[in-house]
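Okay, structure incoming, though there's no sequence with it:
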């Protein structure tokens, strides 16, 4: 342990971590509506996560006491953020920066397996700026964002297994725990971990090491069960295991599900929708195409190259299998553009690395400035930077509500618009917002609002 800590805390690693932190901080400060530069993050999804998260830390049990449909770990993350700042998204911004810092550190570790330190450092701000300004990034604070470090950690081990050294059982167990985290944040993103496990399985089958081909996937499943078991203990103590399974799994699959369609029709719709989303993010589309074209130039086994491309398509299948195409769904898939940047810079690594410092340093400073400018100029909601808090109805509503002692409220008509956040109120009803589910598929939600008003519950 002491040797490991000494390795982690050496000067070079600390400097890399600080560099990654600075990139994440500056980029998100300009592009995320959780930033202190923005008057408020009025994205309904983020406010719903925040409301459930802060309620969770107040003894209110998700799914049992409040109806919501994202994973419990996401609410836990937002609950921690609410401890940092109870009536603002500053805490979410801090966690957002920390999560992206870890993601960038592991991206750097991936790049270093192929590129020089100079070029690896140059790619980090380019990647971060492109991701934060893509349409799929939307407002900031999405489930996909908080899965970023887990994606890059597993991608690191994916490539390490084929390029440097086969994974140990402990490393496989670690990736299983990470897959368990994803299960508890947004399980539709698990396609990438299925692809990772499949890649390890195929590799050992090809090597005729059938024992490891069986043991390693089982080890990952064991690791995946660890956070899930802790989650079950929490809901078991609160007599809410049934509510957890019903809301998070059943309702998500049933109420949001499309009419039954044939497999070929579903595949056609998935990739048509995916390509349509990509066409609205041209730079990312180009980078993904370049990844597929130039991955063959990387110093990797042919098997690994093929499996990396397959993992991209399996991830797409997982994300869009429910035939829903909200624009932020694409974000997780766009993490693969890092491999596009890697493939491109791999072609020029020697030239850039051999540049004189008098040329390289000004170029790197210029790149950094351009990325900061891009993070501001192409931010999805930069117009909000000039809006005053007083101009937002959420602040006015919260002010009016807080004038009344023991006030209660319910957010009817749409998802959480942010008044719970700014007023500091906890929901007092099971249905505290309107979900994006049709009345025909799930009438309970809207019918409950009628009863709340009729019975004067809020």
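Cool, the structure landed. Since the model is a prediction, treat every value here as computed from it, not as a measurement.

low-confidence ranges in this protein?
1-9, 255-260 (pLDDT under 70).

Spit out the contact partners of the nearest residue to residue 444 once chain neighbours are set aside.
Of all residues beyond its chain neighbours, the one nearest residue 444 is residue 431 (7.4 Å), with distances taken as CB to CB, 6 or more residues apart in numbering. (Glycine included, C-beta is placed from N, CA and C.) Residue 431 is in contact with 67, 410, 444-445, 448-449, 452, counting by CB atoms under 8 Å, 6 or more residues apart in numbering.

distance between the ends of stretch 402-421?
With CA to CA, to the nearest Å applied, stretch 402-421 spans 12 Å between its terminal residues.

Just the buried positions in it, please.
409-412, 415-421 (16 or more other CB atoms under 10 Å).

same question, stretch 47-60
47-56, 60.

who touches that stretch?
Contacts for stretch 47-60 (CB under 8 Å, 6+ apart): 41, 62, 65-66, 68, 70, 72, 74-83, 86, 89, 92, 141, 143, 415-418, 420-421, 426-427, 432-433.

Show me just the buried residues among these.
41, 62, 65-66, 68, 70, 72, 74-82, 89, 92, 141, 143, 415-418, 420-421, 426-427, 432-433.

So which of those sit within helices?
Among those, the ones falling in helices (DSSP state H) are 72, 74-82, 92, 143, 420-421.

In TSV: those, plus distance to residue 178.
Putting these into TSV (distance: CB to CB, whole Å) gives the following:
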residue	distance to residue 178
72	16
74	15
75	19
76	16
77	15
78	20
79	20
80	18
81	21
82	24
92	21
143	15
420	31
421	29
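
Let me know the closest of these to residue 113.
Among those, residue 143 lies closest to residue 113 (CB to CB), at 28.4 Å.

In ChimeraX, how would I select just the buried ones from the contacts of residue 431?
Those of these that count as buried under 16+ other CB under 10 Å are selected in ChimeraX with:
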select :67,410,445,448,449,452
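
Just give me the closest of the contacts of residue 431 to residue 200.
The closest of these, once distances to residue 200 are taken by CB to CB, is residue 67, at 38.3 Å.

And residue 218, how far from residue 135?
Distance from residue 218 to residue 135, counting by CB to CB, to the nearest Å: 40 Å.

who has more neighbours, these two?
A count of neighbours by other CB atoms under 10 Å puts residue 135 above the other of residue 218 and residue 135, at 16 against 12.

what's the spacing between residue 294 and residue 111?
The value you get for residue 294 to residue 111, if CB to CB is used, is 14 Å.

The residue nearest to residue 132 when sequence neighbours are not counted: how many residues sit nearby?
In space, and not counting its chain neighbours, residue 132 is closest to residue 31: 3.9 Å by CB to CB, 6+ apart. Counted with other CB under 10 Å, the neighbours of residue 31 add up to 28.

Next, the buried residues of stretch 365-372.
Neighbour-count burial for stretch 365-372 [16+ other CB under 10 Å]: 367-368, 371-372.

Keep only those of the buried residues of stretch 47-60 that are in strands.
Taking DSSP state E, every one of those sits outside strands.

Name all residues that make contact with the closest residue to residue 378 other than its chain neighbours.
Leaving aside its chain neighbours, residue 378 sits nearest to residue 133 (3.9 Å; criterion: CB to CB, 6+ apart). Going by CB under 8 Å, 6+ apart, residue 133 touches 31, 374-375, 378-380.

switch the cut-off to 7 Å
31, 374-375, 378-379 (CB atoms under 7 Å, 6 or more residues apart in numbering).

That one and residue 18: what is the separation?
23 Å.

if we can go back for a sec, just the ones in helices among the buried ones among the contacts of stretch 47-60 now: which is nearest residue 286?
The nearest one, if we look at those relative to residue 286 and count by CB to CB, is residue 143, at 26.1 Å.

which ones are touching the closest one?
Contacts of residue 143 (CB under 7 Å, 6+ apart): 70, 74, 185-186.

any chance you could map the helices in the stretch 51-200 of the chain?
Using DSSP state H, counting those that start in this stretch, the helices of the stretch 51-200 of the chain run over 72-84, 90-112, 117-133, 143-146, 148-163, 169-183, 191-206.

Pick the most buried one from the ones you listed.
Of all those, helix 143-146 has the most neighbours on average by mean count of other CB atoms under 10 Å, namely a mean of 24.

How far does that helix sit from its chain's centre?
2 Å (CA atoms, centre = their mean, to the nearest Å).
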